[in-house]
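Asker: Mind folding the following:
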Amino acid sequence: MRRITLLMLIAHAAFGLAQDAYLNTAFVPRYWKANDPWPLSARVRNASSTVPLITFRVDWRFNSGPVQVGNTQSTTGILPGQYWPYTHPTAFNVPASSGTLKMWVVGVGDSNHSNDTLYFTVDVLSAWATKSVLIEQYTGTWCQFCPLPNAATNTLNDDPLIVVAKHHNGDELSSASSTAYWQQFNANYSPAGVMEQEEFGTLGDDAAYDQWGPRAEQRKQGVSPVSIAVASGFNAWQRLLTVDLAVTFTAAQTGTFVVNAYILEDSINGVQVAGGSPYMHQQVVREVLGGANGTADVIPATTTAGSTYSHQYTFTVPEQWNAANLRVIAMVTEKRNGTSWTVNVSDGDLTEVHVPESATAEGFFRLWPSPARDMAFIDFEPSVGSAQLQLIGADGRVVLEQTIQSSAGRVSLPIPPDCATGSYLLRAIAGDRVGTRTLVIE
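Answerer: Numbers count the residues shown, from 1 in each chain. So this is what the prediction gives:
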């Protein structure tokens with residue numbers, strides 16, 4: 001398989017006088033199937049000329065092959081703000097090969113060629129995987145314009161080939177890793193939508209949520225050189241999430257590829273300005289496991305067809321997150337000159353890891369008193385030796401962590417003086433046994 005660079009020339013047609021016509025809504029998938037027709041279509045528009053655009057045709061050419069001449073069409077006249085839909089009679093249909101696709105409009109009197117050219121990258125594959133589309137939304141509980149976009153992406157997420165992730169900002173559902181990741185898009189407004197990580201910067205962010213669905217439908221028709229298997233195991237008694245990724249290339253590729261995975265939580269009961277209360281938040285990005293730039297060095301710069309590349313993430317899930325509503329999405333991203341393109345994305349639910357009978361917390365320890373002010377006490381059962389203690393705040397932050405010898409049976413737990421009043425979670429880990437108790441600090 002070799003890479004195709006798709007060159008779509010947006011040329012200008014005219015009738016009699018100089019025109020400034022152009023094409024838009026032309027789309028060809030980044031990855032397409034070899035020997036399979038793709039209809040080339042676009043809208044022919046008049047950018048600014050008050051002289052109507054009347055007669056034109058669209059041609060295309062692949063590499064140095066013959067020019068595929070389109071049918072000449074005449075209209076009553078296209079004025080600024082109007083368009084004429086055009087589909088070329090000869091579909092793009094090539095074997096797996098590298099090359100350039102050139103598409104342009106031929107008309108009378110076109111004298112402005114300065115804005116005629118657009119470049120896109122596309123690979124034509126002889127072996128491929130099903131493509132899923134990544135839609136990322138910037139939102140917040142404070143955003144009065146977000147309920148309708150939220151509802152739209154909730155519906156889109158029901159499509160098995162569309163994966164939605166919502167990055168919250170400036171509210172109780174935001175996270176540092178999500179915020180750092182989003183900064184690369186320079187879309188610091190809500191609601192904002194980013195599709196396929198901006199496709200190397202050619203598809204900008206926007207708030208037109210009514211267009212997110214149609215754009216995703218276009219991209220679903222393409223294919224991918226990558227399949228992603230996601231296996232997520234959750235150990236409830238340790239609150240430990242393990243994410244195993246297996247990335248298989250159906251065709252050889254050359255580039256800079258990174259992997260990443262998000263922890264999403266659904267059905268978070270909260271508030272939303274202009275959305276009513278209570279309000280159910282969906283597809284919330286809780287953690288970006290690979291960080292803002294993803295995880296490099298998992299996939300080599302040159303891959304081979306049929307090869308699988310693996311990576312594992314581990315993460316301790318805060319007690320405040322509802323594990324029953326968590327799931328993981330994973331993606332492969334190509335990086336180029338500081339920009340990104342989503343090669344493929346996949347999602348999967350968490351599978352709870354079996355907890356052995358000996359690991360139950362019944363009779364493990366007792367915490368008292370609660371509420372407590374300066375000191376609390378822990379009574380361990382006689383069989384417990386050493387244990388690790390963690391005191392966790394409502395925001396998931398560990399405010400106290402220490403290892404103690406519990407053979408004496410009773411252990412003192414000094415309350416850190418900077419702990420605010422409220423409910424905390426005490427976690428004790430002793431060998432393969434983990435227990436949690438609620439501690440109220442007054």
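
Asker: Report whether the expected contact of T256 with A301 is present.
Answerer: Yes: with contact defined as CB atoms under 8 Å, T256 reaches A301; the gap is 6.7 Å. Yep, even glycine has a C-beta here, placed from its N, CA and C like the rest.

Asker: which of the two has more neighbours?
Answerer: Ranked by neighbour count (other CB atoms under 10 Å), T256 and A301 place T256 first, with 13 against 10.

Asker: how close does that one sit to T250?
Answerer: According to CB to CB, to the nearest Å, T256 and T250 sit 19 Å apart.

Asker: now do V106
Answerer: Taking CB to CB as the measure, V106 falls 38 Å from T250.

Asker: Give me the more crowded residue out of these two.
Answerer: Looking at V106 and T250 with other CB under 10 Å, you find the greater number of neighbours at T250, namely 21 against 17.

Asker: nearest spatial neighbour of the more buried one, skipping sequence neighbours?
Answerer: Spatial nearest neighbour of T250, excluding adjacent residues (CB to CB, 6 or more residues apart in numbering): A127 at 4.3 Å.

Asker: for V243, same thing?
Answerer: Spatial nearest neighbour of V243, chain neighbours left out: Y313 (4.3 Å); criterion: CB to CB, 6+ apart.

Asker: for G396, same thing?
Answerer: Using CB to CB, 6+ apart and skipping residues adjacent in sequence, the residue nearest G396 is P318, 3.2 Å away.

Asker: Report the contact partners of the one you found.
Answerer: R239, I392, G396 (CB atoms under 8 Å, 6 or more residues apart in numbering).

Asker: The second one and S74: what is the separation?
Answerer: Distance check for I392 against S74: by CB to CB, it reads 72 Å.

Asker: higher neighbour count, those two?
Answerer: Taking other CB under 10 Å, I392 and S74 do not tie; I392 has more neighbours (21 against 11).

Asker: count of neighbours near the closest residue to that one other than its chain neighbours?
Answerer: Residue nearest to I392 in three dimensions, not counting chain neighbours: L425, with 4.4 Å by CB to CB, 6+ apart. Around L425 there are 18 other residues, counting by other CB under 10 Å.

Asker: tell me the pLDDT at L425?
Answerer: pLDDT, L425: 84.

Asker: okay, how far is it across stretch 230-247, tip to tip?
Answerer: 9 Å (CA to CA, to the nearest Å).

Asker: for stretch 56-72, same thing?
Answerer: Using CA to CA, the two ends of stretch 56-72 sit 6 Å apart.

Asker: pLDDT averaged over it, what's the number?
Answerer: Mean per-residue pLDDT for stretch 56-72: 91.

Asker: Distance from it to the middle of the chain?
Answerer: Chain-centre distance of stretch 56-72: 37 Å, with CA atoms, centre = their mean, to the nearest Å.

Asker: same deal with stretch 186-198?
Answerer: Remark: stretch 186-198 is offset 11 Å from the chain centroid, using CA atoms, centre = their mean.

Asker: any idea of the mean pLDDT for that stretch?
Answerer: 97.

Asker: roughly how far apart are V328 and P89?
Answerer: V328 sits 46 Å away from P89, taking CB to CB as the criterion.

Asker: between these two, which one's more packed in?
Answerer: V328 (25 against 11).

Asker: Tell me if I am right that the more buried one is in a helix.
Answerer: No: assignment of V328 by DSSP: H, G, I helix; E, B strand; the rest coil gives strand, placing it outside any helix.

Asker: Would you mind measuring from the nearest residue to it once chain neighbours are set aside to Q253?
Answerer: Closest residue in space to V328, ignoring its immediate chain neighbours: S232 at 4.5 Å, by CB to CB, 6+ apart. Noted for S232: a distance of 26 Å to Q253, by CB to CB.
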